[in-house]
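>>> Return a 3D structure for these sequence lines:
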Amino acid sequence: MFDTLSDRLRGVFDALRGQPRITEEVLEKTLREIRMALLEADVHVGVVRALLDGVRAKASGEEVLKSLTPDSRS
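Numbers count the residues shown, from 1 in each chain. Okay, the predicted model is just below:
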């Protein structure tokens, strides 16, 4: 189960890295894919909602989205 979840999340983040810029649309698509991966791994729906709401709150906003590129490895 953890291998499947890891593979799904790795695929989501690899796809995110392939984007030239993180936009609202890309963010929502990514969050949708993460939601599906977590729910398929039987993570409680309340936990999934709380996690994604927190990520959305921190990642949303024009200033944050303009400052991020998906493949910025430090």
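>>> Quick check: buried residues in stretch 7-26?
Within stretch 7-26, the residues that count as buried by 16 or more other Cβ atoms under 10 Å are 8, 12, 16, 19, 22, 26. Where you see a C-beta, it was placed from the backbone N, CA and C, and this is true even at glycine.
>>> Can you give the distance from the host helix or strand of residue 28 to the centre of its chain?
Taking DSSP states H and E as the definition, residue 28 sits inside helix 24-40. Computed by Cα atoms, centre = their mean, to the nearest Å, the chain-centroid distance of helix 24-40 equals 5 Å.
>>> which of the residues in that helix are buried?
Buried-residue list, helix 24-40, by 16+ other Cβ under 10 Å: 26-27, 30-31, 33-35, 37-38.
>>> Now the element after that helix, going C-ward?
Following helix 24-40 in sequence, per DSSP H and E, is helix 45-59.
>>> list the helices and strands that following helix packs on?
Packing contacts for helix 45-59, counted by 3 or more Cβ pairs under 8 Å, 6 or more residues apart in numbering; DSSP states H and E, involve helix 24-40.
>>> in this protein, which ranges drop under the pLDDT threshold?
61-74 (pLDDT under 70).
>>> cutoff 80 now
Counting by pLDDT under 80, the chain contains low-confidence residues at 1, 21-22, 60-74.
>>> for the buried residues of stretch 7-26, which one is nearest residue 59?
The closest of those to residue 59 turns out to be residue 22 (Cβ to Cβ; 7.6 Å).
>>> hmm, back to that, widest-spaced pair of the buried residues of stretch 7-26?
Spatially, the most separated pair among the buried residues of stretch 7-26 is 8 and 22, at 19.5 Å (Cβ to Cβ).
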